[in-house]
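Q: Here is my input, please return the structure:
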Amino acid sequence: MYAKKSLGQNFLNSPSAVIKIVDSAKLTKKDIVLEIGPGKGVLTKELLNGGKQVVAIEKDKDLISILEEKFASELKSKKLILINADVLKINLEKLGFKNGEFKIVANIPYYITGQLLRMFLENDIKPSLLVFLVQKEVAERIARSKKESLLSLSIKAFGEPKYIATVPKTAFIPAPKVDSAILLIDNISAKNFKNKTEQELFFEIIHAGFGQKRKLLLSNLKKSTWTPGVQVEEVFEFCGIDKKSRAEDVGLEQWLCLIHKFK
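A: Next up, the predicted model:
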């Protein structure tokens, strides 16, 4: 079975990396796990050993038959649920998932990393914890960089990101062009927002703030359609934001403060 470039397939072939991924998920025998792109089932096998049930979403029809043969007994006992579908088109509620009552663990295609993070973190039905194998650079930007970005703030608004470990390109077949990293997002919730309106305003503000990265945040926000009549300088002072700051210099708590003052 050859990897399909069109689906971004790079099969994980490192027992040590698999163990680190599963350990990061802190699985118990009560946990329901959603796995995206199980591939040949290397990670699936360990997830089945750790959790109560695994629901695996696989888009590639050619891999379904391999997984059905490999996990025949687990499928029969319903310990494994295998679904042939595009994960970006699934409905979590229709599949029986409940908010905060499942975990997501996956070696995901690089090209849909951002889409998947938004899908699962901004959804009304959220996992309690998420572990993704992503490009090393992406994991560093989210969990290690001293500078913020649209991506890092979008994730920190809903959970606590942590860089677990680097996984070298040689751990995959075929080997990708770059190294990967295990990214954990723990304690996922919408606690930072009282309602959907606040959540939407948060994203409007950070997008406006990062609209022109070279310009000062103050300048970018003054041009926004929802700040006419607002003394933006006074809001910055209240939130403890330096007027000479750029968007990347401002932390999550200060952005959240802006929401409450601007709304």
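Q: So what touches stretch 132-151?
A: 12, 17, 21, 104, 106-108, 110, 113-114, 116-117, 152, 155, 161-163, 166-167, 178-183, 185, 206-207, 210, 247-252 (C-beta atoms under 8 Å, 6 or more residues apart in numbering). Where you see a C-beta, it was placed from the backbone N, CA and C, and this is true even at glycine.
Q: buried stuff in that stretch?
A: 132-136, 138-143, 148-149, 151 (16 or more other C-beta atoms under 10 Å).
Q: Now the residue most central in space within the chain: phi and psi?
A: Central residue of the chain (C-alpha atoms, centre = their mean): residue 117, 3.1 Å from the mean position. Torsion angles at residue 117 (phi, psi; degrees, to the nearest 10) stand at phi -60, psi -40.
Q: Please name the nearest non-neighbouring residue to it.
A: residue 155 (6.2 Å; C-beta to C-beta, 6 or more residues apart in numbering).
Q: how close does the one you found get to residue 94?
A: Residue 155 is 26 Å from residue 94, where distance means C-beta to C-beta, to the nearest Å.
Q: Who has more neighbours out of those two?
A: A direct count of neighbours by other C-beta atoms under 10 Å for residue 155 and residue 94 places residue 155 higher, at 23 against 7.
Q: helix or strand right after the longest helix belonging to the chain?
A: The longest helix of the chain (DSSP state H) is helix 196-209. Toward the C-terminus, helix 196-209 is succeeded by helix 217-222 as the next helix or strand (DSSP states H and E).
Q: buried set for the next helix or strand after that following helix?
A: Following helix 217-222 in sequence order, the next helix or strand is helix 232-239 (DSSP H and E). Residues of helix 232-239 classed as buried: 232, 235, 236, 239 (neighbour count, 16+ other C-beta under 10 Å).
Q: Can you name every helix or strand that helix 232-239 contacts?
A: Packed against helix 232-239, as judged by 3 or more C-beta pairs under 8 Å, 6 or more residues apart in numbering; DSSP states H and E, are the following elements: helix 217-222, helix 252-262.
Q: Quick check: which of those helices is buried the most?
A: helix 217-222 (a mean of 19; mean count of other C-beta atoms under 10 Å).
Q: Which strands or helices does that helix pack on?
A: Under the contact criterion of 3+ C-beta pairs under 8 Å, 6+ apart, helix 217-222 touches helix 196-209, helix 232-239.
Q: Distance to residue 258 and mean pLDDT added to these, as JSON lines?
A: Shown next, in JSON lines, are the helices and strands packed on helix 217-222 (distance: least, C-beta to C-beta, whole Å; pLDDT from 0 to 100):
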{"stretch": "helix 196-209", "distance to residue 258": "6", "mean pLDDT": "93"}
{"stretch": "helix 232-239", "distance to residue 258": "6", "mean pLDDT": "92"}
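Q: Could you export those as TSV, including distance to residue 78?
A: Output for these, formatted as TSV (distance: least, C-beta to C-beta, whole Å):
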stretch	distance to residue 78
helix 196-209	35
helix 232-239	51
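Q: Out of these, which gets nearest to residue 58?
A: helix 196-209 (30.9 Å; C-beta to C-beta).
Q: Mind giving me the packing neighbours of the closest one?
A: helix 150-156, helix 217-222, helix 252-262.
Q: Same list, those helices, but as TSV with distance to residue 74 and mean pLDDT please.
A: Putting those into TSV (distance: least, C-beta to C-beta, whole Å; pLDDT from 0 to 100) gives the following:
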stretch	distance to residue 74	mean pLDDT
helix 150-156	32	96
helix 217-222	51	90
helix 252-262	40	92
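Q: Let's have these in a markdown table, adding distance to residue 62.
A: Below are these laid out as a markdown table (distance: least, C-beta to C-beta, whole Å):
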| stretch | distance to residue 62 |
| --- | --- |
| helix 150-156 | 32 |
| helix 217-222 | 48 |
| helix 252-262 | 42 |
